[in-house]
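K.L.:
everything below, folded, please.
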Amino acid sequence: MKFNYETDRIYVKNDEGKIVVLATFPMKEGGIVDINHTFVDPSLRGTGLGVKLMEEFYDYAKKQGYKVIATCPFAVKWFEKYPEKHDILLK
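P.N.:
Numbers count the residues shown, from 1 in each chain. Below you'll find the predicted structure:
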C-alpha cells in the first residue's frame, strides 16, 4: 500500500484511483496543523490501516517540524493510546 503525501493530507488510492485511506490536517498559524479528519474505506476497516495511517501522519508531521492539534475523534484516541507520540502534540 502506497501512502501519498501532500501539504495538508496523506492518502492511499486503490487500483481504480479511489481514495480509500485519508488523513487531513490543515495548517494553522506558526507551523501548527490540525488533524481534523481520518477515513478508512469500510471495505478495509478492521485491518489496522487506521493505526498505520496515524503512524504515517506522526512520522510526516515530526519530519516537517509541525506541532499538532488533534480534533478528529480517531486521532484523539490514537494519541491517548500512544503517549510516547505526544512530543508533537499541543495540549
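K.L.:
and residue 70, what are its phi and psi?
P.N.:
Dihedral angles of residue 70 (phi, psi; degrees, to the nearest 10) stand at phi -110, psi 120.
K.L.:
over to residue 20?
P.N.:
Here residue 20 shows phi and psi, under degrees, to the nearest 10, equal to phi -120, psi -10.
K.L.:
burial measure for it, as a count.
P.N.:
For residue 20, the neighbour count with other C-beta atoms under 10 Å is 18. Bear in mind the C-beta positions are built from the backbone N, C-alpha and C, glycine included.
K.L.:
does it touch residue 42 like I think?
P.N.:
No: with contact defined as C-beta atoms under 8 Å, residue 20 does not count as touching residue 42 (9.5 Å).
K.L.:
now do the strand or helix carrying residue 52: distance to the chain's middle.
P.N.:
Element membership for residue 52 (DSSP states H and E) is helix 49-64. The chain centre lies 5 Å from the centre of helix 49-64; the measure is C-alpha atoms, centre = their mean, to the nearest Å.
K.L.:
let's see the pLDDT reported for the spatially most distant residue from the centre of the chain.
P.N.:
Distance from the C-alpha centroid of the chain, by C-alpha atoms, centre = their mean, peaks at residue 16 (22.4 Å). At residue 16, the model reports a pLDDT of 95.
K.L.:
what's the answer for residue 7, then?
P.N.:
At residue 7, the model reports a pLDDT of 87.
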